[in-house]
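Q: Pasted the sequence and its predicted model underneath.
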Amino acid sequence: MKQVSIFVLILLGAVLLAAGNGLPLFGDPHAPAAKHVSDHYIEHAYHDAHTPNFVTVMIADYRSFDTLGETMVVFAAGMACLLLLRGHVRRRGGVVLPPIVHRDDSIITDLVTRAMVPVIQIFALYVVFHGHYSPGGGFQGGALLAGSVLLVRVVLGQDRSNPIFPVSWGTPFGVAGLAIFLGVGLVALAFGGSGLQYDHLPLGLEPDMLRNWGILIAEIGVAFAVMGTLVSIFDDLSGESGEVA
Amino acid sequence: MIDLFIGRWPYVLTVVLMLIGLYGMLVKENFLKKLIGMNIFQSAIILFFIVHAFKWGATVPVYDHHLGDAVEAYINPIPHGLMLTAIVVSVATTGVGLALLVRIYRAFGTLEEPQVLERMQSRNRS
């Protein structure tokens, strides 16, 4: 069986390498992938949305439906973890896993964590709000926020991390983020645009500034959704939510 | 063949990475190792897209007043946007995979594929 697998792998590698000859040269500015849509985004993004970062404009404005779908996929994955794991231990028998998170009595890790978490969170907020002007945005900032909460969970243990970010908050944060993102789309829809068309938001600004603000609101929603979902996945996996459910 | 290694060597690296991931998924018998293989496979796909975004002599896709609207001065923003969402989605799907592994471990007490199959069969017989 193993020999068959390796033979298949070698065959697949040969086919892929042979097909690789047909791909454009590495770094070719005239490759098909770098034409048409890409050119349009680069030429229009700054003037359409008053936002220098093309990637931010692309994911939160031009392709915001795609991003909404991705956020929903992340949230659905969180829900899948919740349904698979939460409250399952007590209902049926089976092997009970030891808890992943222990309270560790090391003063060094405690102090370092408590010093680092605010810094991580400020940096995360910077990544979210400065995503218009530099690499960053809701996904990265949300992942950093989740990382700060997970650091507290792992180092300080269940008892002392619960007052900071209760286990029961993960899913509501995810829902709130998704609601912010959907809400800005629906408001644009209600004021005469199509869904997520930010230049119809009722804020009384020029269209390009409206799109700038719409992108910011959408990114905040994404950050909340990603943060809540990742924390809730971790809580489900580490079994901390088993007692709560 | 030599063109492949001179002008397109990043594709070779992504193919190698993808094969490593696929090897893990096919050959390893521990489910956790299979999941790690799947993650390596995802990384290969993400790198493949990022390789396509690159242009020689171009800079990051952030508007610069000195460069203006010159298309060839910025790398392609589309793969970057697509992959940054894909990375977060891959983290979330890995979470689902780990949740499934926790359930398998609770049910069978092991993550080794042959032992899980054996225990499933012995349960069906009894």
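A: Alright, I've got the coordinates.
Q: Every contact and neighbour count from this point should use C-alpha atoms.
A: Noted.
Q: got the phi/psi numbers for B:I75?
A: The phi/psi pair for B:I75 (degrees, to the nearest 10) reads phi -70, psi 160.
Q: burial of it, as a residue count?
A: 25 (other C-alpha atoms under 10 Å in any protein chain shown).
Q: so how far is A:L230 from the closest residue in space to A:V117 that isn't next to it in sequence?
A: Leaving aside its sequence neighbours, A:V117 sits nearest to A:S148 (C-alpha to C-alpha, 6 or more residues apart in numbering or on different chains; 5.5 Å). A:S148 is 11 Å from A:L230, where distance means C-alpha to C-alpha, to the nearest Å.
Q: and the longest helix anywhere in chain A, anywhere near chain B?
A: Among the segments of chain A that qualify as a helix by DSSP state H, the longest is helix A:207-238. Yes. Applying C-alpha under 8 Å from any C-alpha of the partner chain, one finds helix A:207-238 touching chain B at A:226, A:229-230, A:233-234, A:236-237.
Q: Just among the residues you listed, which is most surrounded?
A: A:V226 (35 neighbours).
Q: Next up, phi/psi of the closest residue to A:P24 other than its chain neighbours, please.
A: Distances taken as C-alpha to C-alpha, 6+ apart place A:A31 nearest to A:P24, at 5.7 Å, with adjacent residues excluded. Main-chain dihedrals, A:A31, degrees, to the nearest 10: phi -60, psi 150.
Q: Pull the number of nearby residues for A:A31.
A: A:A31, neighbours per other C-alpha under 10 Å, totals 16.
Q: which regions of chain A sit below the pLDDT cut-off?
A: The model of chain A has pLDDT under 70 over residues A:87-104, A:240-245.
Q: Helices of that one, start to end?
A: For chain A, the helices identified by DSSP H occupy A:2-20, A:37-49, A:54-57, A:64-85, A:88-91, A:107-129, A:138-161, A:170-190, A:207-238, in order along the chain.
Q: Quick check: buried residues in the second one?
A: For helix A:37-49, the neighbour count (16 or more other C-alpha atoms under 10 Å in any protein chain shown) marks A:38-39, A:41-43, A:45-46, A:48-49 as buried.
Q: Which single helix of chain B contains the most residues?
A: helix B:77-108.
Q: what's the angle between it and helix A:207-238?
A: 20 degrees (axes from the mean of the first three to the mean of the last three C-alpha atoms, to 10 degrees).
Q: so for helix B:77-108, what's the average pLDDT?
A: For helix B:77-108, mean pLDDT is 88.
Q: Mind giving me the packing neighbours of that helix?
A: helix A:37-49, helix A:54-57, helix A:64-85, helix A:138-161, helix A:207-238, helix B:31-53 (3 or more C-alpha pairs under 8 Å, 6 or more residues apart in numbering or on different chains; DSSP states H and E).
Q: just checking, next helix/strand downstream of the least confident helix or strand in chain B by mean pLDDT?
A: Sorting the helices and strands of chain B by mean pLDDT, DSSP states H and E puts helix B:2-7 at the bottom, at a mean of 72. With elements assigned by DSSP states H and E, the helix or strand that comes after helix B:2-7 is helix B:9-27.
Q: What mean pLDDT does that next one get?
A: 90.
Q: buried stuff in that helix?
A: Quick answer for helix B:9-27 (16+ other C-alpha under 10 Å): B:9-12, B:14-27.
Q: Report whether it contacts chain A.
A: Yes. Helix B:9-27 is in contact with chain A by C-alpha under 8 Å from any C-alpha, via B:9-12, B:15-16, B:19, B:22-23, B:26-27.
Q: and A:R160, how far is that from A:R86?
A: A:R160 is 21 Å from A:R86, by C-alpha to C-alpha.
Q: Looking at the two, which has the bigger crowd around it?
A: A:R86 (19 against 14).
Q: Surely the more buried one and A:D236 touch.
A: Yes. A:R86 is in contact with A:D236 according to C-alpha atoms under 8 Å; the separation is 6.2 Å.
Q: does any part of stretch A:68-80 sit near chain B?
A: Yes. Stretch A:68-80 lies within reach of chain B by C-alpha under 8 Å from any C-alpha, at A:70, A:73-74, A:77-78, A:80.
Q: Give me the contacts around that stretch.
A: A:171, A:174-175, A:178, A:181-182, A:222, A:225-226, A:229-230, A:232-233, B:85-86, B:88-89, B:92-93, B:95-96 (C-alpha atoms under 8 Å, 6 or more residues apart in numbering or on different chains).
Q: wait, what's in contact with B:L98?
A: A:237, B:32.
Q: B:M25 versus the spatially most central residue of chain B, what's the distance?
A: By C-alpha atoms, centre = their mean, chain B has its centre lying nearest to B:Q42, at 0.9 Å. According to C-alpha to C-alpha, B:Q42 and B:M25 sit 12 Å apart.
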